[in-house]
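>>> Sharing a model that was predicted from the sequence below.
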Amino acid sequence: MRYQTHLPTIALASRDSHQAAVTIPAGTMMNVVGQAEDSRFLVVEADGELFQVFETDLMDHGTPQAEPRPRRTAKSSASA
């Protein structure tokens, strides 16, 4: 599931073997990767980095987005 934040959202990022609180800016697209060990959090990917976000914050600060559809390639049609 993908969400786009409409408010800045606090998340936990792993930095230098520690977790640090960071702010994910409004307008960021986040992909939910799965549930974190602590069931209150979801693991999300944003801008190529993994974060842990409170599930309630994601629901309150984000809007669900449709998954991008794979592009179709044009098939050549042969006339008989």
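Received it, and whenever you're ready, just let me know what you need.
>>> hang on, isn't L7 packed against A26?
Yes: the criterion here is Cβ atoms under 8 Å, and L7 meets it with A26 at 5.5 Å. (Each C-beta comes from the backbone N, C-alpha and C, glycine too.)
>>> list the contacts for A26?
A26 makes contact with T5, H6, L7, P8 under the criterion Cβ atoms under 8 Å, 6 or more residues apart in numbering.
>>> I'd like the distance between T23 and A46.
11 Å (Cβ to Cβ, to the nearest Å).
>>> ok, which stretches of this protein are helices?
55-61 (DSSP state H).
>>> and stretch 65-74, how far out from the chain's middle?
Offset of stretch 65-74 from its chain centre (Cα atoms, centre = their mean, to the nearest Å): 18 Å.
>>> Quick test: name the residue nearest the centre of the chain.
With the centre of the chain defined as its mean C-alpha position, the nearest residue by Cα atoms, centre = their mean is M30, 1.9 Å away.
>>> what about T23 and A46, which has more around it?
A46 (20 against 10; other Cβ atoms under 10 Å).
>>> okay, the residue nearest to the more buried one when sequence neighbours are not counted: pLDDT?
Of all residues not flanking A46 in the chain, M30 sits nearest, at 4.6 Å (Cβ to Cβ, 6 or more residues apart in numbering). Model confidence at M30, given as pLDDT, is 96.
>>> Show me the beta-bridge partners of M30.
Note on M30: beta-bridge partners by DSSP bridges are Y3.
>>> Please apply the same query to V22.
A11.
>>> picking that back up, shared neighbours of T23 and A46, anything?
A11.
>>> how far away is the closest residue to E55 other than its chain neighbours from Q35?
In space, E55 comes closest to L42 once its chain neighbours are excluded; the distance is 5.1 Å by Cβ to Cβ, 6+ apart. According to Cβ to Cβ, L42 and Q35 sit 6 Å apart.
>>> Give me the phi and psi angles of the closest residue to T56 other than its chain neighbours.
Spatial nearest neighbour of T56, excluding adjacent residues (Cβ to Cβ, 6+ apart): R40 at 7.8 Å. Main-chain torsions, R40, degrees, to the nearest 10: phi -80, psi -20.
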